[in-house]
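Peer 1: the following comprises the amino acid sequence and a computationally predicted model.
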Amino acid sequence: MNNDQRKVLQTGIWECFSVAIQFLTRLPVSSLPGSRLRDKSPEEYATLLQRSVVFFPVVGGLVGLCTAIVFVAGLAMGLPPMISAFMALGAEAALTGAFHEDAFADTWDGLGGGWTRDRILEIMKDSRLGTYGTLALVLGVGIRASAMSVIGELGYIQSIVTIVAAASIARLAILVMMATTNPIADRATQAKDIAGKQSIANLRVASLLSLPFWIAWAWCGVGIALVSMIGAVLVLVWFRRMILRRVGGTTGDLLGCSAYITQLVIMIGATIR
């Protein structure tokens with residue numbers, strides 16, 4: 001066991017897991033009985049957040065499970081697959097605060113509308129949604145809903161394991177980016193403090209924790225899972241190279257976008273017959 005892993009255990013697994021839930025969802029974790037998050041100083045909370053990243057794939061898998069349940073419930077009630085898919089994505093957005101959708105839109109607004117590094121970063125910080133971001137969001141949500149509707153034809157079990165796997169692997173992609181790509185050095189952001197302190201050892205821990213959320217999906221169709229994973233890796237490598245060339249590192253929006261595009265590729269791959 002290395003120092004990073006010891007620190008997580010010494011800090012408290014439940015506290016780190018609670019911070020991961022609080023960061024990635026809108027659930028009021030700090031108000032639960034026994035929670036001590038409200039008593040933490042900003043410095044202590046920042047340390048917890050830094051160490052909670054290993055639980056991102058677990059939280060992602062749980063979010064995916066909620067999405068899948070809503071989707072399957074819609075199918076069970078006799079709703080068309082596409083309607084059920086949009087309902088599920090709406091429920092997920094309510095649960096997460098559209099966290100990754102916002103990052104996805106901001107990223108493509110910046111990369112599409114900015115010609116220089118400074119201009120790209122400036123556009124990404126702007127809360128207003130531009131043409132590129134709007135188009136990316138419409139296409140991204142539309143593709144996810146379409147893929148879910150196709151997967152829904154394969155049955156309830158296949159739908160659940162696929163949606164859960166895609167959601168967990170998407171959050172694992174954030175760890176991959178954090179562990180292999182430096183944050184932008186000249187920006188004082190929360191993402192810089194978190195992402196710049198992640199190691200390959202933490203990525204291995206997160207990968208092991210994510211196993212229960214995607215192993216059933218891989219078992220149901222090894223070939224499709226392999227093709228989907230290879231596609232996700234290739235797209236993530238392309239995205240990493242592009243952002244290094246355009247802006248020189250990662251930001252919170254770029255990390256969130258990496259999760260969203262990974263989830264898209266997994267879902268698209270799962271529709272292969």
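Peer 2: Received the coordinates, thanks. Numbers count the residues shown, from 1 in each chain.
Peer 1: what about the helices in this protein?
Peer 2: 3-11, 13-24, 42-52, 56-76, 81-96, 99-113, 117-125, 131-152, 156-180, 190-195, 200-220, 222-246, 252-269 (DSSP state H).
Peer 1: now the third one: buried residues?
Peer 2: Translated: helix 42-52. Using 16 or more other C-beta atoms under 10 Å as the test for burial, helix 42-52 gives Tyr45, Thr47, Leu48, Leu49, Gln50, Arg51, Ser52. From N, CA and C alone the C-beta is placed, and that goes for glycine too.
Peer 1: swap in the fifth one?
Peer 2: The neighbour-count check on helix 81-96 (16+ other C-beta under 10 Å) flags 81-82, 84-89, 91-93, 95-96 as buried.
Peer 1: in a markdown table, list those residues along with pLDDT and distance to Leu27.
Peer 2: Shown next, in a markdown table, are these (pLDDT from 0 to 100; distance: C-beta to C-beta, whole Å):
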| residue | pLDDT | distance to Leu27 |
| --- | --- | --- |
| Pro81 | 96 | 28 |
| Met82 | 97 | 28 |
| Ser84 | 97 | 23 |
| Ala85 | 98 | 23 |
| Phe86 | 98 | 22 |
| Met87 | 98 | 20 |
| Ala88 | 98 | 18 |
| Leu89 | 98 | 18 |
| Ala91 | 97 | 13 |
| Glu92 | 97 | 13 |
| Ala93 | 96 | 14 |
| Leu95 | 97 | 8 |
| Thr96 | 96 | 10 |
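Peer 1: among the buried residues of helix 42-52, which pair sits farthest apart?
Peer 2: Tyr45 and Arg51 (10.9 Å; C-beta to C-beta).
Peer 1: dump the buried residues of helix 81-96 into a markdown table; add distance to Val233 as well.
Peer 2: What follows is those, written out as a markdown table (distance: C-beta to C-beta, whole Å):
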| residue | distance to Val233 |
| --- | --- |
| Pro81 | 28 |
| Met82 | 29 |
| Ser84 | 30 |
| Ala85 | 26 |
| Phe86 | 29 |
| Met87 | 31 |
| Ala88 | 26 |
| Leu89 | 25 |
| Ala91 | 29 |
| Glu92 | 24 |
| Ala93 | 27 |
| Leu95 | 27 |
| Thr96 | 24 |
